[in-house]
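In: Let's see this in three dimensions:
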Amino acid sequence: MSIGTLAHAWSALAELRRFSPLAHRLTIDGEPRELASMAVFVCNAEFFGGGMRAAPGASVTDGVLDVTIIHPVSRLVLLRLLPTLYSGGFVSHPCVERLRASEVVVDGDGLVGSGDGELLGDVPLAVRSVAQALTLLG
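Out: As a prediction, the model looks like this:
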């Protein structure tokens, strides 16, 4: 396990002490939803945060966003799920909802967006996937 992986795991554990569900307003491909959740991950890739698998099976080449929602659960359940974020096994828990979309807007009072641990800014944040928008040279 790398230093970065340990740092991300430690941060998650520290945050867990005082964490409670957050109110999200999501618009997923034009369909609005209001929900409370522990986390909402809007992903174009499978991994983030030093190897956590927020969206197992996600592909940067398919032109689709993978959305993972962790619905409200107790801190104990979250603590049990944390190690399985690295294997992706957490997605089999009943509190986890997975969706695919072209465009997602995340909003909510007092929320701040982040991407792979970096602060993106205040919400609303709009994320859109555009197929074949980037050419990679190998």
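In: Show me where the protein has its strands.
Out: Ranges of strands in the chain, per DSSP state E, are 22-28, 31-37, 39-43, 47-48, 52-53, 65-70, 96-101, 103-107, 112-115, 118-122, 125-128.
In: Give the full set of residues in contact with the closest residue to residue 68 other than its chain neighbours.
Out: Closest residue in space to residue 68, ignoring its immediate chain neighbours: residue 41 at 4.3 Å, by C-beta to C-beta, 6 or more residues apart in numbering. C-beta here means a position set from N, CA and C on the backbone, and glycine is covered the same way. Under the criterion of C-beta atoms under 8 Å, 6 or more residues apart in numbering, the neighbours of residue 41 are 48, 54-55, 66-69.
In: before we move on, back to that, identify whichever of the strands of the chain lies nearest to residue 137.
Out: Residue 137 lies closest to strand 47-48 among these, at 22.0 Å (C-beta to C-beta).
In: Who does the closest one pair with, and is each partner parallel or antiparallel?
Out: strand 52-53 (antiparallel) (DSSP bridges).
In: Mind picking out the helix or strand in the chain with the poorest mean pLDDT?
Out: Between all helices and strands in the chain, the lowest mean by mean pLDDT, DSSP states H and E belongs to helix 3-16, at a mean of 58.
In: From the centroid of this structure, which residue is nearest?
Out: In the chain, the residue lying closest to the centroid (C-alpha atoms, centre = their mean) is residue 41, at 1.6 Å.
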